[in-house]
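Participant: Let's see this in three dimensions:
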Amino acid sequence: MSFNIKTPPGHLGGSIASKSGNADYKAYRSPYGPAYKTAPHFHGITARSAIKYGGMAAGFGGVAGFFALFFFAEVPKVSKDIMQKVPVLGDYFVKEIPPEDNPF
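Facilitator: Residues are numbered from 1 along each chain as shown. The predicted model follows:
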């Protein structure tokens, strides 16, 4: 079977291939073939893949946050407001100026 569709020049009309998704019938499923089901998905993302990639993203985000916290630990505001309140490491971030170094 061949289709010979003539469209006027400059016309961007749809072809048979572009309208093939509008079929009113279901695809044939052989009773002798495998019984398969499609997993429920949202734009191709299944629950299993969302959990898998969400866990990886959470891991990378946690590591990036931990890195950023210790990278900026020497900034006085971060050191005073965040790092001094960490139970085990808090004393390390307390910076006391000796009296002989105080200009006042």
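Participant: mind giving me the domain ranges of this protein?
Facilitator: 41-70, 72-104 (automatic domain parsing).
Participant: Can I get the ones you listed in TSV including distance to R29?
Facilitator: Any C-beta I mention is one placed from the backbone N, CA and C, and that applies to glycine too. Shown next, in TSV, are the domains of the chain (distance: least, Cβ to Cβ, whole Å):
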stretch	distance to R29
domain 41-70	20
domain 72-104	59
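Participant: Mean pLDDT and mean neighbour count added to those, as TSV?
Facilitator: Output for the domains of the chain, formatted as TSV (pLDDT from 0 to 100; neighbours: other Cβ atoms under 10 Å):
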stretch	mean pLDDT	mean neighbour count
domain 41-70	94	10
domain 72-104	87	10
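Participant: can you tell me which of those comes nearest to A35?
Facilitator: When these are compared by Cβ to Cβ, domain 41-70 sits nearest A35, at 18.9 Å.
Participant: distance between that closest one and the chain's centre?
Facilitator: With Cα atoms, centre = their mean, to the nearest Å as the basis, domain 41-70 stands 6 Å off its chain's centre.
Participant: again, but for stretch 92-102
Facilitator: On Cα atoms, centre = their mean, the centre of stretch 92-102 falls 44 Å from the chain's centre.
Participant: 12 is where my numbering starts, stick with that
Facilitator: All right, first residue 12 from here; so that's stretch 103-113.
Participant: and the end-to-end length of that stretch?
Facilitator: End-to-end distance for stretch 103-113, by Cα to Cα, to the nearest Å: 21 Å.
Participant: Run through who's touching it.
Facilitator: A84, S90, K91, M94, Q95, V97 (Cβ atoms under 8 Å, 6 or more residues apart in numbering).
Participant: show me what contacts A61?
Facilitator: By Cβ under 8 Å, 6+ apart, A61 has no neighbours at all.
Participant: element containing it?
Facilitator: A61 belongs to helix 58-82 when assigned by DSSP states H and E.
Participant: Next secondary structure element downstream of that helix?
Facilitator: From helix 58-82, the next helix or strand downstream (DSSP H and E) is helix 87-92.
Participant: Contacts for that following helix, please.
Facilitator: Residues outside helix 87-92 that contact it (Cβ under 8 Å, 6+ apart) are L80, F83, A84, F104, K106.
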